[in-house]
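Enquirer: Predicted model, plus sequence, below.
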Amino acid sequence: MATRDSRSGGHDGSTLPGALPFTLPRVTRLSWELGSRTVEDEESSLYDEWERTDSQWTLSVHRVTSTTVLIRVRTPAGRERFYGAAEMDLESALPELATSPTWERTA
């Protein structure tokens with residue numbers, strides 16, 4: 001089930017969790033099975049990893065095609081959520097993540 005809030009809206013109604021310090025204009029929520037298979041695929045490469053300093057949220061970004069990224073968000077309860085997005089949309093949002101006082105890069 002997709003989380004719904006005003007943070008961002010994908011064409012399928014998907015939104016990123018409010019714990020993230022950025023929004024994206026379009027995201028697609030993927031099933032756990034599809035998301036985990038995609039990030040483990042040999043064609044996928046880890047692009048970036050972040051963790052929240054005041055809680056146990058983590059974020060990893062994987063390049064899956066030349067223009068598409070997969071965002072894996074791990075909640076404090078250990079659940080993984082996967083979102084597909086255009087790399088150019090993510091690139092414009094990364095400065096918000098980099099300047100956030102509650103997120104730090106781990107990779």
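Expert: Structure received. What you are looking at is a predicted structure, and each value in this text was computed from that prediction instead of being measured.

Enquirer: in what helix or strand does Leu70 lie?
Expert: Per DSSP states H and E: Leu70 is located in strand 68-74.

Enquirer: roughly how far out does the helix or strand that that strand is followed by sit from the chain middle?
Expert: The helix or strand immediately downstream of strand 68-74 is strand 80-86, counting by DSSP H and E. Centroid displacement of strand 80-86 relative to its chain, using Cα atoms, centre = their mean, to the nearest Å, is 5 Å.

Enquirer: Pull out the buried residues from strand 80-86.
Expert: Residues of strand 80-86 classed as buried: Arg81, Phe82, Tyr83, Gly84, Ala85 (neighbour count, 16 or more other Cβ atoms under 10 Å). (Each C-beta comes from the backbone N, C-alpha and C, glycine too.)

Enquirer: go on, stretch 57-65?
Expert: Along stretch 57-65, these residues count as buried under the neighbour rule (16+ other Cβ under 10 Å): Trp57, Thr58, Leu59, Ser60, Val61, His62, Arg63, Val64.

Enquirer: And the residue nearest the centre of the chain?
Expert: For the chain, the residue nearest the mean C-alpha position is Ile71 (2.9 Å; Cα atoms, centre = their mean).

Enquirer: The residue nearest to it when sequence neighbours are not counted and Arg37: what is the separation?
Expert: Distances taken as Cβ to Cβ, 6 or more residues apart in numbering place Tyr83 nearest to Ile71, at 4.5 Å, with adjacent residues excluded. Between Tyr83 and Arg37 the computed distance is 15 Å (Cβ to Cβ, to the nearest Å).

Enquirer: likewise Phe22?
Expert: 26 Å.

Enquirer: Between those two, tell me which one has more neighbours.
Expert: Phe22 (19 against 13; other Cβ atoms under 10 Å).

Enquirer: Run through the residues that contact the more buried one.
Expert: Neighbouring residues of Phe22 by Cβ atoms under 8 Å, 6 or more residues apart in numbering: Leu16, Ala93, Leu94, Glu96, Leu97.
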